[in-house]
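Chemist: Need a 3D model of the following:
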Amino acid sequence: MELLQLQYFLESAKSENFAKVAQRHLVPTSSVSGSVRRLEKELGCPLFERSGNRLALNRNGKRLANALQVAFEEIDSAVRDLRTVEDNREIRMLVRTMRGTVTDYIIEHNRTKPHIRFQINFDNADQDFEKYDIIIDVRSDLYPEYDRIELCRMRMRLVVSRDNPLYQKKLTMKQLASQQFITLGEQSHMHKILLDACKKAGFRPHISIRSNDMKYYEKLVDSGIAIGVERENPRNMQLRSIAYLDVSDFVEETVVYAYYKREIAYGNVEQFLQFLSSKDFM
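Modeler: Next comes the predicted model:
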């Protein structure tokens, strides 16, 4: 009976799916299912009920899973405590959304923890996720092997200059088919939200400007050049010359997470994750 074998079983017990566990560990599904089979043989009893492609934990499996959950939590806690004593790691972060807010919180964190160093990348095109301890991004299927902490949920809105004749009108997406739009570039979440909303309405948007810098993106929207997509933030709107469009069928939400690998979430990384989870991202 090996530790990895027990870990495979516990994760399979939670998901009731060998393929998901295999994907998480980057191994063939047969490696996980075979490991669990050997464990059952060693224990002398089945742990799952198998029917076709369906997998369900049985009474024996539930008893073992409950015991292992407690044991692994104790092991993880002990490892974190030992590692925290001498944790001098630099925190490597990929920030793909809410760059300004995350930057403000890093500065705030540095005032009380100046010894913790950061390496931060704001590049949406970077796909080499393995080199990062924490990734800040919207809900995504890009990180199947990562754990995550939800930081916030926000409604998305279409915005225009207050001088735009569409302002204060009740609209549908289809009525915007002839309008000009501005986005943050093809890799951005807001760009994808706009494309999906327009596709549902039966048209492809006329995108007149793409800006990869949020500061200049907001300036361009304020100028009245085109319709933009932004996260709802009434306080921010009071300082600008734009307003939300009243579009009945544009009902979009974005969820922002801090993604991380469980095995490196100790010491400095764990402390900063706890700090982020305590903050108001709205």
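Chemist: How about residue 33, nearest residue that isn't a chain neighbour?
Modeler: Nearest residue to residue 33 in three dimensions, chain neighbours excluded: residue 18, at 4.6 Å (Cβ to Cβ, 6 or more residues apart in numbering). C-beta coordinates here come from the backbone N, C-alpha and C atoms, glycine included.
Chemist: Please name the residues that touch the one you found.
Modeler: 12, 29, 32, 33, 36, 55 (Cβ atoms under 8 Å, 6 or more residues apart in numbering).
Chemist: Residue 226 now?
Modeler: 179, 180, 181, 182, 208, 209, 220 are the contacts of residue 226 under Cβ under 8 Å, 6+ apart.
Chemist: in this structure, which ranges drop under the pLDDT threshold?
Modeler: Across the chain, the ranges flagged by pLDDT under 70 are 80, 82-86, 282.
Chemist: Verify the contact between residue 57 and residue 48 for me.
Modeler: Yes: with contacts counted by Cβ atoms under 8 Å, residue 57 reaches residue 48, the gap being 5.9 Å.
Chemist: So between these two, which is more surrounded?
Modeler: residue 48 (21 against 18; other Cβ atoms under 10 Å).
Chemist: what about residue 207, which SS state?
Modeler: Here residue 207 is recorded as strand under DSSP: H, G, I helix; E, B strand; the rest coil.
Chemist: Which of the contacts of residue 226 has the largest number of neighbours?
Modeler: Neighbour-wise, those (other Cβ under 10 Å) top out at residue 182, 24 neighbours.
Chemist: immediately after whatever helix or strand that one lives in, which helix or strand?
Modeler: Assigned by DSSP states H and E, residue 182 belongs to strand 180-183. Per DSSP H and E, the first helix or strand lying C-terminal to strand 180-183 is helix 189-200.
Chemist: what helices or strands is that next one leaning on?
Modeler: Judged by 3 or more Cβ pairs under 8 Å, 6 or more residues apart in numbering; DSSP states H and E, the packing partners of helix 189-200 are strand 180-183, strand 228-231, strand 252-260.
Chemist: residues making contact with that helix?
Modeler: So helix 189-200 is contacted by 96-97, 137-138, 156, 173, 176-177, 181, 183-185, 204-205, 210, 229-230, 249-250, 252, 254 (Cβ under 8 Å, 6+ apart).
Chemist: all strands of the stretch 51-200 of the chain, in order?
Modeler: 54-57, 91-95, 118-121, 134-138, 147-161, 170-171, 180-183 (DSSP state E, counting those that start in this stretch).
Chemist: which one of the ones you listed has the most crowded surroundings?
Modeler: Of all those, strand 134-138 has the most neighbours on average by mean count of other Cβ atoms under 10 Å, namely a mean of 22.
Chemist: beta partners for residue 135?
Modeler: Beta bridges link residue 135 to residue 94, residue 259, judged by DSSP bridges.
Chemist: From what I see, it and residue 129 are in contact.
Modeler: Yes: distance between residue 135 and residue 129: 6.2 Å, which falls inside the contact criterion (Cβ under 8 Å).
Chemist: Out of the strands of the stretch 51-200 of the chain, flag the one nearest residue 4.
Modeler: For the strands of the stretch 51-200 of the chain, the distance to residue 4 is smallest for strand 147-161, at 18.3 Å, taking Cβ to Cβ.
Chemist: Okay, now the sheet partners of the closest one, with direction.
Modeler: In the sheet, strand 147-161 lines up with strand 228-231 (antiparallel), strand 242-244 (antiparallel), strand 252-260 (antiparallel) (DSSP bridges).
Chemist: now it: how far from the chain's centre is it?
Modeler: 12 Å (Cα atoms, centre = their mean, to the nearest Å).
Chemist: Report the angle between that strand and helix 189-200.
Modeler: Orientation note: strand 147-161 sits at an angle of 70 degrees relative to helix 189-200 (axes from the mean of the first three to the mean of the last three Cα atoms, to 10 degrees).
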